[in-house]
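S.K.: Got a predicted model here, sequence first, then my questions.
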Amino acid sequence: MSASADRNSNTRAIVTGGAQGIGFAVAEALADEGCRALALIGRSQEKGDKAVAHFRKSGVDAIFISADVSKVADCKRAVATALSHFGTINALVNAAATSARGSLVETSEELFDQIFDTNVRGPFFLMQGVVAHLLEKKAPGSIVNVLSMSAHTGQSFLTPYSTSKGALMTLTKNVANAYRFNRIRCNAVLPGWMDTEGEDIVQKKWHDAPDDWLAKAEAAQPMGQLVKPDQLARLISYMVSPQSGVMTGSLVDYDQSVAGSSPE
């Protein structure tokens, strides 16, 4: 048996965006590493039902909670539903996000609010619910937030998105510091350009990308690929697990570009 085969056997997790993309890949990694209690949060009941059926085939007690993380009431209901079903939760992965485009001068108030409600407010109140439960139970726990390399600066057409990820970056470190002595850990990963179903939609909607955009994009990358969800998921599942020890407040860049570097 490998060292990672059962490292999440005691993990009882909520994963936002868990029915597709990064969230689903994280849920798969957790299940493969022994997690048998998964609450997947998303907006599509159809995708959620399909994901739950997938996990239940392998003996995972998986549930889908239809919720919009941009709404505080939905976040609170999602945590309450997970706790009602499982009795306790000790892990949270905030993978749901919107990467809607907008520059400083083009971003409307409505778009700004939509991005911040989804990318910052949702994770804030989901963490609030999970941490409050852990404090009440005097139990340890682990949170991983999915940020973006854009949190370091971001492109001109990603101003509100980049700013929201920067806010979540500070929130991650603040929560990590606040609850260290309660053994509640909070970390984050910052992936670069990713090959996801959602990215394909974004490229075609916002950038008029051709059908072969992925092949062209990957050919131009130093390592010949974009970040793959299953690769990132294994890092996240490690960070969630007790195997990552005392790791907290860490921001892990996961990309083939190096923040702060200059072309040679």
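M.R.: Great, that's in hand. Numbers count the residues shown, from 1 in each chain.

S.K.: use CA for all of it now, contacts and neighbours both
M.R.: Will do.

S.K.: Report the contact partners of S241.
M.R.: R7, N8, T11, S142 (Cα atoms under 8 Å, 6 or more residues apart in numbering).

S.K.: Go through stretch 97-116 and flag the buried ones.
M.R.: The neighbour-count check on stretch 97-116 (16 or more other Cα atoms under 10 Å) flags A97, T98, S99, A100, R101, G102, T107, L111, F112, Q114, I115, F116 as buried.

S.K.: Closest one of those to I65?
M.R.: Each of those was checked against I65 using Cα to Cα; the closest is A97, at 16.3 Å.

S.K.: nearest spatial neighbour of the closest one, skipping sequence neighbours?
M.R.: Nearest residue to A97 in three dimensions, chain neighbours excluded: N119, at 5.3 Å (Cα to Cα, 6 or more residues apart in numbering).

S.K.: that older thread, which two in the buried residues of stretch 97-116 are spaced the farthest apart?
M.R.: Greatest spatial distance among those (Cα to Cα): A97 and T107, at 17.3 Å.

S.K.: quick revisit: next, the contact list for the residue nearest to A97, please.
M.R.: Taking Cα under 8 Å, 6+ apart, we find N119 in contact with S70, A96, A97, T98, S164, K165, L168.

S.K.: Show me which of those is closest to H152.
M.R.: Of all those, H152 sits closest to K165, with 8.7 Å by Cα to Cα.

S.K.: so that closest one makes contact with S150?
M.R.: Yes. Using Cα atoms under 8 Å, K165 makes contact with S150 at a distance of 7.2 Å.

S.K.: what about these two, which has more around it?
M.R.: Counted by other Cα atoms under 10 Å, K165 and S150 do not tie: K165 has more neighbours, with 27 against 21.

S.K.: how far away is the more buried one from P140?
M.R.: Separation of K165 from P140 (Cα to Cα, to the nearest Å): 26 Å.

S.K.: Check Y161 too.
M.R.: Y161 is 31 Å from P140, where distance means Cα to Cα.

S.K.: Equivalent analysis for V146, please.
M.R.: The gap separating V146 from P140 is 20 Å, by Cα to Cα.

S.K.: Which one's more surrounded, those two?
M.R.: The neighbour comparison of V146 against P140 (other Cα under 10 Å) goes to V146, with 25 against 18.

S.K.: what's the pLDDT at that one?
M.R.: Note on V146: pLDDT of 98.

S.K.: what about the helices in the stretch 51-200 of the chain?
M.R.: Shown for the stretch 51-200 of the chain, the helices assigned by DSSP state H, counting those that start in this stretch span residues 72-86, 109-116, 122-137, 159-178, 197-206.

S.K.: what comes up buried for whichever helix or strand comes after the last one?
M.R.: If you walk from helix 197-206 toward the C-terminus, the next helix or strand you reach (DSSP states H and E) is helix 213-219. Applying a neighbour-count criterion of 16+ other Cα under 10 Å, one finds L214, E218 buried in helix 213-219.

S.K.: Let's see helix 213-219 as CSV, backbone CA atoms only.
M.R.: C-alpha atoms of helix 213-219 as CSV (Å, rounded to 0.1, in the frame of the first residue of the first chain):
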residue,chain,number,x,y,z
TRP,A,213,-6.6,26.7,-28.8
LEU,A,214,-5.5,24.2,-26.2
ALA,A,215,-3.0,22.4,-28.5
LYS,A,216,-1.5,25.8,-29.5
ALA,A,217,-1.4,27.0,-25.9
GLU,A,218,0.3,23.9,-24.6
ALA,A,219,2.9,23.9,-27.4
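
S.K.: I would like the residues contacting the helix or strand where L232 lies, please.
M.R.: Element membership for L232, per DSSP H and E: helix 229-240. Residues outside helix 229-240 that contact it (Cα under 8 Å, 6+ apart) are 7-8, 21-22, 25-26, 29-30, 91, 142-144, 187, 189, 191, 194-196, 244, 247, 254.
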